[in-house]
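J.: pasted the sequence and its predicted model underneath.
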Amino acid sequence: MIQHIGMVIVCGYVASAGVAAQQPPPDYGHNFITIGDVGNRGYDREDLFGRTAGRGGVDYEYRIARTEITSVQFAGFLNAWESSGGTPGALGALFWGGSRVDGRWVVPAGSELLPVGGISWREAAIYCNWLHNGAPTDQLDAFLDGAYDTSTFTDQPDSNVLVNDQDARRPGARYWIPSLDEWLKAAHWDPDKNGPGDGGWWLYNNGSDTRPEPGLPGVGDTAAGLEFDNFGEEYLIPLESYPGTQTPWGLLDTSGGGTEWTEEWQRGQYKERRVWQGNTAGTRTYDPFDPISLSNDLAWVDGSDTPDLGFPYLSFRLASAVPAPGVGVGLVCAFPFLVRRRRMAAALCVGVASAVAAQQPPPDYGFNFVTIGDVGNRGYDREDLFGRTAGRGTVNYEYRMARTEITTAQFAEFRNAYQIAGQPVGSISPFFWGGVFDGQQFVVPAGNELLPVAGLSWRGAAVICNWLHNGKGSDPSAFTSGAYDTSTFTDVPGSNVLVNDQAMRSPGARYWIPSFDEWLKAAHWDPDKNGPGDGGWWLYNNGSDTQPVIGLPGDGETTAGYEFTGFGDEYDIPLEAYPDTQTPWGLLDTSGGGAEWTEEWLRGIPEIRVAQGNAAGDQTFRPDDPMDFSNDLAWVQSGSNPDVRLPEFSVRIASAVPTPGTGVLLVCGLVRLVRRRRMT
């Protein structure tokens, strides 16, 4: 009888706890909206400044508040700060609906939804910490750490402008200031723009390509651009006053109210100014009567300010976590005390697995990762004159590949962070790219954002992966380990050619240089080549057995093999210039741009790293040479020493696809709980 009870208790516990979803963080009155359509493509519309192209792709669900922070929410925050021992007046705003009565902040009736204008980025981060820690009223430490470590909120020594502030929220943060990608997606991406399930980007944050019309509530679409008689009157219009002006997800007041902070640093990791999005009420950020004024309600127009200052137009909208569903039960080993036979109980404990919450994928960082599935595909079985590709290309797991090689805009962000960290810049500088040094840092002129980065060494590509793996940090350690241990990047003593470089990425790497098999599969394997679910290999990386036609954009299908007049002219053709030349998975520029590094050692000897695909121009393929083979063929490779920078080499980043949430496994040993050893 005792044995039977033990079994029932365990089964009941597994069934109830094993399939229950985690509760999301409390709403705290913020009316969060879940932003889904995981893996949406990056922004691909008009972008005169070149700062938004490719951004806004988010590979996880998250929540974002329906409105900016309101006066009543801000009053609760200030009162909790002071009752916890915080200095009165240390936190505050310039324009909001609260007033001080008998030592506390109160919000008169009718002022609850007034916007809060004049919050610094650091104050917004402190608000996130407070909520992350449960919104206590008697714990000062709850304001100082959680989502953001406020001890980093300092100025850099010997600098009048740079700061040390933490780049982004901590892993596991429950509430945070949205990233630029999260804000853009919630404001401008419509998952059904072109029909059910066919998403796209709107220019404006009202779900259209037409600017919201300035006007008072009931007359116009927004208070942004509306001229008021007196300074500050624009903040007397309550949030939610324009219910018909919404983003595709139902967010209100992305136009009007205040401009909204994001985690983004202006121009990458140059830690001076944080980016904000959206127009404030009034004309401080947009004047429709000024012919050179651009509306911040456009996706590609933003502003920025230093994180320690709270100008009147600055506010923020809170983001929050969406927990993984189906988090299962952990240990059930308390029940053996209910059964008599300990070995049988132990067998049951072994049969039960603790549940693993679904991990979030690493951030997209604008690489527009494509998930490569069809796990366990067969190896390459087509023509192979050199005998190096036969049987290769099988990958027994899902992974992600960037849709294009690394772009100039992405490399500029890395290059500036590398310089700030005091690293030796010569070892990672490419030959050809679109960045320009302005005396302090590299900037990217408009139109150069998608130029390829040509002349990366393999080791330089590995350092980029380390930086991404470590969350784009600017500390020197962010560049030296993570995906690859750069202390191994040395020559073998007594050898003129062999090196000690780590053979492949470290376990747990979040971003890496693709293996040969991963690259081959993403470029040449088609899961539906012979019909739905009947996969096969294409000879060329354009989803066919025919070599891509050589020619300039609009005339041909690739720049690979095209003869340019001047050396380096081939790298003036932007990536994504041949949108119809794709691999079966939708990757662009596997032909053209640069030849792309893999982790493979040529012939297995640690001397030469293998690269795949043709570079632009005729550096890797000369079509007029009958003895030259196109590197766009699956079985043709190039390569070089990992420390050498040659103009034709670049990199396409690979990244992890986390294991989905694992529930509790069925207990296979339950039958052993009964007394009868054999069943008849």
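T.: On my side now, so go ahead. Numbering: from 1, shown residues only.
J.: helices of this protein, start to end?
T.: Remark: helices assigned in the chain by DSSP state H are 2-18, 71-83, 121-132, 141-144, 180-188, 342-351, 408-420, 458-469, 477-480, 516-524.
J.: identify each buried residue in the second one, please.
T.: Read that as helix 71-83. 71, 72, 73, 74, 75, 76, 77, 78, 79, 80, 81, 82 (16 or more other C-beta atoms under 10 Å). No exception for glycine: its C-beta is placed from N, CA and C like everyone else's.
J.: can you list contacts of that helix?
T.: When contacts are defined by C-beta atoms under 8 Å, 6 or more residues apart in numbering, helix 71-83 is touched by residues 28-30, 88, 90-93, 96-98, 104-107, 111-116, 126-127, 130, 135-138, 143.
J.: who's in contact with the residue lying closest to residue 545 once chain neighbours are set aside?
T.: Distance criterion C-beta to C-beta, 6 or more residues apart in numbering; nearest residue to residue 545, sequence neighbours excluded, is residue 539 at 4.6 Å. Neighbouring residues of residue 539 by C-beta under 8 Å, 6+ apart: 382, 383, 524, 545, 633, 634.
J.: next, work out how far apart residue 539 and residue 372 are.
T.: 19 Å (C-beta to C-beta, to the nearest Å).
J.: quick one on the thing from earlier: among the helices of the chain, which is nearest residue 251?
T.: helix 180-188 (5.8 Å; C-beta to C-beta).
J.: what's that closest one in contact with?
T.: Counting by C-beta under 8 Å, 6+ apart, 33, 35, 40, 43, 52, 55-58, 62, 64, 178, 201-205, 247-249, 251, 254, 260, 262-264, 275, 277-278, 299, 302, 317, 319, 363-364, 366 sit against helix 180-188.
J.: tell me the buried residues within those.
T.: Neighbour-count burial within the contacts of helix 180-188 applies to 33, 35, 40, 43, 52, 55-58, 62, 64, 178, 201-205, 247-249, 251, 254, 260, 262-264, 275, 277-278, 299, 302, 317, 319, 363-364, 366; the criterion is 16+ other C-beta under 10 Å.
J.: contacting residues around residue 577?
T.: Residue 577 neighbours (C-beta under 8 Å, 6+ apart): 553, 559, 592.
J.: and these, which is closest to residue 406?
T.: residue 592 (14.2 Å).
J.: and that closest one, what's its pLDDT?
T.: In this model, residue 592 is scored at 88, pLDDT.
J.: so what's it up against?
T.: 558, 559, 560, 573, 577, 578, 614, 615, 616.
J.: again, 6 Å this time
T.: Contact partners of residue 592, counting by C-beta atoms under 6 Å, 6 or more residues apart in numbering, are 558, 559, 560, 616.
J.: which residues sit in contact with the closest residue in space to residue 152 that isn't next to it in sequence?
T.: Nearest residue to residue 152 in three dimensions, chain neighbours excluded: residue 166, at 4.6 Å (C-beta to C-beta, 6+ apart). Listed by C-beta under 6 Å, 6+ apart, the contact set of residue 166 reads 148, 149, 152.
J.: for the second one, give me its contacts.
T.: With contacts taken as C-beta under 6 Å, 6+ apart, residue 149 has the following neighbours: residue 166.
J.: repeat that with 8 Å
T.: Residue 149 touches 166, 170, counting by C-beta under 8 Å, 6+ apart.
J.: my guess is residue 568 contacts residue 647, does it?
T.: Yes. Counting by C-beta atoms under 8 Å, residue 647 is a contact partner of residue 568 at 7.3 Å.
J.: shared neighbours of those two, anything?
T.: By C-beta under 8 Å, 6+ apart, the residues touching both residue 568 and residue 647 are 431, 432.
J.: more neighbours, these two?
T.: Taking neighbours as other C-beta atoms under 10 Å, residue 568 and residue 647 compare with residue 647 leading, 21 against 14.
J.: pretty sure the more buried one sits against residue 455.
T.: Yes. With contact defined as C-beta under 8 Å, residue 647 and residue 455 form a contacting pair (4.9 Å).
J.: shared neighbours, these two?
T.: Joint contacts of residue 647 and residue 455 (C-beta under 8 Å, 6+ apart) are 431, 432.
J.: from residue 635, how far out is the residue nearest to residue 545?
T.: 8 Å.
J.: try residue 228
T.: From residue 228 to residue 635 the distance is 69 Å (C-beta to C-beta).
J.: how about residue 576, what does it touch?
T.: 404, 450, 588, 589.
J.: of all the residues you listed, which comes closest to residue 416?
T.: Out of the contacts of residue 576, the member with the shortest distance to residue 416 (by C-beta to C-beta) is residue 450, at 18.2 Å.
J.: which sections of the chain are below the confidence cut-off?
T.: Within the chain, the stretches with pLDDT under 70 are 1-23, 268-269, 323-360, 424-427, 619-628, 658-680.
J.: what about 80?
T.: For the chain, the stretches flagged by pLDDT under 80 are 1-24, 267-270, 284-285, 287-289, 291-293, 323-361, 422-427, 618-630, 658-680.
J.: contacting residues for residue 113?
T.: With C-beta under 8 Å, 6+ apart, residue 113 has these contacts: 67, 70, 71, 72, 238, 239, 240.
J.: make it 10 Å
T.: 67-68, 70-73, 97, 107, 237-241, 253, 257 (C-beta atoms under 10 Å, 6 or more residues apart in numbering).
J.: what sits closest to it if chain neighbours are left out?
T.: Looking at residue 113 with C-beta to C-beta, 6+ apart, the closest residue is residue 238, at 3.9 Å.
J.: residue 156 - how many residues pack around it?
T.: 14.
J.: any idea what sits nearest it, other than its immediate chain neighbours?
T.: residue 162 (4.2 Å).
J.: burial of that neighbour, as a residue count?
T.: Residues lying near residue 162 (other C-beta under 10 Å) number 16.
J.: that one and residue 155 touch, don't they?
T.: Yes. Residue 162 is in contact with residue 155 according to C-beta atoms under 10 Å; the separation is 7.2 Å.
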